[in-house]
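[1] test case, fold it:
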Amino acid sequence: MLGRLIVLLGIVSLLAGCGDPALHPITGKVSLDGKTYERLLVYFHPLDREPNEFSIGVGETDKDGVLVLRTSAGPGIATGNYRVTFSCIQALRGGKTLTLGAGSEKADDDRSLVTKDIVPPQYGSKTESPVEFQVKSGENIFEFDIPGK
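    Numbering: from 1, shown residues only. The predicted structure follows:
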């Protein structure tokens, strides 16, 4: 009887530690060489743990450069240290410049579409980006101007 109670207490204590980590909001503003872009993508990659659905953050700016970060688990991200990378894909079609992002139409079969990431390559690399950010409990504000090429 005592053995069953010990096993039951062990299982309960293991389950108590399996909850999702708290997600903390990250908002802010991101620009590239002083200019804001709609659909500039921002990624937070964990430095102090293995990536999982709670620790990789993704955000997309609006036309004013305003950013709201989220994970697959919802808005916000777990506390910790992150390397930040950026991507802003622009396309040229018939002399018109388009900025492509997560909500863009697919252009896989459009051979007249020429794409280019306008963010300097260093800032798009998980290993080379010099931008790091520490997420703390509560609200976090991330503001950054990516230097131009």
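
[2] residue boundaries of the strands in this structure?
    Along the chain, the segments classed as strands by DSSP state E run 26-32, 41-46, 57-60, 66-71, 74-75, 80-87, 89-93, 96-100, 114-117, 132-135, 140-146.

[3] test my guess that Leu69 contacts Tyr82.
    No. The criterion here is C-beta atoms under 8 Å, and Leu69 misses it with Tyr82 at 9.8 Å. Every residue, glycine included, has its C-beta placed from N, CA and C.

[4] what is in contact with those two at once?
    Common neighbours of Leu69 and Tyr82, using C-beta atoms under 8 Å, 6 or more residues apart in numbering, are Phe44, Gly57.

[5] for the protein, give me the ranges with low pLDDT.
    1-20, 53-54, 93-112, 149 (pLDDT under 70).

[6] for Lys63, which non-adjacent residue is closest in space?
    Glu38 (4.2 Å; C-beta to C-beta, 6 or more residues apart in numbering).

[7] how many residues are close by that neighbour?
    The number of residues packed near Glu38 is 15, by other C-beta atoms under 10 Å.

[8] same thing with the one 10 residues further on?
    Here the number of neighbours of Asp48 (other C-beta under 10 Å) works out to 10.

[9] and it, what does it touch?
    Neighbours of Asp48 in contact, by C-beta under 8 Å, 6+ apart: Gly80, Asn81.

[10] going forward, begin numbering at 36 instead of 1
    Okay, using 36 as the starting number, the last item reads as Asp83.

[11] returning to what we had before: how near is the residue nearest to Lys98 to Pro182?
    Distance of Glu73 to Pro182, given as C-beta to C-beta, to the nearest Å: 20 Å.

[12] show me the contacts for Lys64.
    Residues in contact with Lys64 (C-beta under 8 Å, 6+ apart) are Thr71, Thr96, Asp99, Gly100, Val101, Leu102, Glu178.

[13] again, but for Arg84
    Arg84 is in contact with Ser90, Gly115, counting by C-beta under 8 Å, 6+ apart.

[14] make TSV out of the strands of the chain and add distance to Ser160.
    Output for those, formatted as TSV (distance: least, C-beta to C-beta, whole Å):
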stretch	distance to Ser160
strand 61-67	16
strand 76-81	10
strand 92-95	16
strand 101-106	19
strand 109-110	26
strand 115-122	7
strand 124-128	16
strand 131-135	20
strand 149-152	11
strand 167-170	13
strand 175-181	13
